[in-house]
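# Predicted model follows, preceded by the sequence.
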Amino acid sequence: MILLNDILRLPDIKNVKVRFNLNFGTKRPAIDYYTDQTEESKQHMLDGQYWNYARKSNFSNGNITLGFVPIPQKQDCWLLFHIGKIVQDLGIQNGVGYEYEELDEYKEYIGRIVVRFKNHSQNLIRIGENVLPECIVEEILPNVYNNDYFPGYSNVNVSWLSLKNLITKDSWRSALENQKGVYLLVDSNTGKQYVGSAYGENMILGRWETYIRTCHGGNKLLKDLGTDYIKNNFYFTILETFNKDTDDQIIIDRESHWKDVLFTRKFGYNKN
């Protein structure tokens with residue numbers, strides 16, 4: 001068993017604070033901001049790492065800070081995305097409360113170290129002395145983390161923003177273009193759902209590419225929501241898959257079945 005500090009060798013773990021970031025103030029999965037690899041997303045993560053809420057200061061001058069985000073489909077596994085040092089406490093509440101510097105000596109481990117840690121506390125900002133002895137290194141990735149692997153049809157649960165990136169990856173394209181299916185769109189803001197089917201050209205891939213291109217996929221009720229709303233609130237999952245030789249009518253019948261089961265005509269975005 002290898003512990004995180006066996007690798008990092010931080011000299012004074014009493015001066016270390018570890019932040020387990022479940023999200024960054026939005027409904028978007030935290031890991032999405034990392035895999036984006038844009039300057040805007042990186043800054044959003046760092047702002048979240050050093051954010052103070054009302055009447056609470058999380059760090060002190062000189063603290064070494066470690067930032068983690070959870071890895072989807074891997075329970076209790078966290079990706080290391082940042083190691084920094086507090087340069088100055090700005091005394092700001094409900095905002096970014098610190099000036100900080102990134103510690104380049106740990107740069108080779110950023111985005112590559114995955115630890116297993118079960119946080120039994122409601123507090124997501126922990127003292128290093130208390131948690132580092134429990135942070136077990138699950139793996140050190142050969143390259144910076146990228147969630148472009150296809151997780152299997154039954155495990156697909158991605159936001160529109162994630163799908164826009166993932167649908168360009170070979171493993172996703174290969175999996176989705178070879179299966180007909182029934183899929184589900186979920187509005188994370190209201191809980192309303194939309195059941196759809198894919199049996200045309202390029203099957204699920206072709207249908208989902210339409211959502212990336214138009215956001216609404218031609219659905220009237222989704223059009224009324226607006227593109228920005230869909231981009232920021234909609235999630236995609238797969239209910240059933242069928243091989244490419246399956247008769248289209250079977251797919252249509254199963255789509256109707258799921259609309260009945262989930263009451264999406266009455267309570268969701270399906271009109272027929």
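Arrived safely.

# Within the helices and strands, which one has the closest residue to H82 other than its chain neighbours?
If you skip the residues right next to it in sequence, H82 has G67 as its closest partner in space, 3.6 Å away by CB to CB, 6 or more residues apart in numbering. To be clear about C-beta, it is placed using only N, CA and C from the backbone, and glycine gets the same treatment. Element membership for G67 (DSSP states H and E) is strand 64-70.

# Keeping just the C-alphas, turn that strand into CSV.
Written as CSV, here are the backbone C-alpha positions of strand 64-70 (Å, rounded to 0.1, in the frame of the first residue of the first chain):
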residue,chain,number,x,y,z
ILE,A,64,0.1,24.1,1.5
THR,A,65,-3.1,23.3,-0.3
LEU,A,66,-4.1,20.1,-2.2
GLY,A,67,-7.1,20.1,-4.5
PHE,A,68,-9.0,17.0,-5.5
VAL,A,69,-12.1,16.2,-7.7
PRO,A,70,-14.0,13.0,-7.7
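
# Tell me the helices and strands packed up against that strand.
With contacts defined as 3 or more CB pairs under 8 Å, 6 or more residues apart in numbering; DSSP states H and E, strand 64-70 has these neighbours: strand 16-20, helix 30-36, helix 39-49, strand 77-89.

# Pull the distance from the first one to the chain's centre.
This means strand 16-20. Taking the mean of its C-alpha atoms, strand 16-20 sits 20 Å from the chain's own mean (CA atoms, centre = their mean, to the nearest Å).

# again with the longest one
On the basis of CA atoms, centre = their mean, the separation between the geometric centre of strand 77-89 and that of its chain is 19 Å.

# can the helices and strands packed on strand 64-70 go into CSV with extra columns for distance to S159 and mean neighbour count?
Output for the helices and strands packed on strand 64-70, formatted as CSV (distance: least, CB to CB, whole Å; neighbours: other CB atoms under 10 Å):
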stretch, distance to S159, mean neighbour count
strand 16-20, 21, 21
helix 30-36, 7, 21
helix 39-49, 13, 16
strand 77-89, 17, 20
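
# Please name whichever of those is nearest to Q179.
The closest of these to Q179 is helix 30-36. By CB to CB, the value is 23.8 Å.

# circling back: quick check: the residue nearest to H82 touching M45?
Yes. Under the criterion of CB atoms under 8 Å, G67 lies in contact with M45, with a separation of 7.2 Å.

# From Y34, how far out is the residue nearest to H82?
According to CB to CB, to the nearest Å, G67 stands 10 Å off from Y34.

# Ok, L166 next?
For L166, the distance to Y34 equals 14 Å [CB to CB].

# of all the helices and strands packed on strand 64-70, which lies closest to K231?
The closest of the helices and strands packed on strand 64-70 to K231 is helix 30-36. By CB to CB, the value is 12.0 Å.

# For the helices and strands packed on strand 64-70, which has the smallest mean pLDDT value?
Ranked by mean pLDDT, the helices and strands packed on strand 64-70 bottom out at helix 30-36, with a mean of 84.

# Which other helices and strands does that helix contact?
Contacts of helix 30-36 with other secondary structure elements, assessed using 3+ CB pairs under 8 Å, 6+ apart, are made with helix 39-49, strand 64-70, strand 77-89, helix 160-166.

# Make CSV from these and add distance to N123 to it.
As requested, the helices and strands packed on helix 30-36 are arranged in CSV below (distance: least, CB to CB, whole Å):
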stretch, distance to N123
helix 39-49, 15
strand 64-70, 14
strand 77-89, 15
helix 160-166, 28
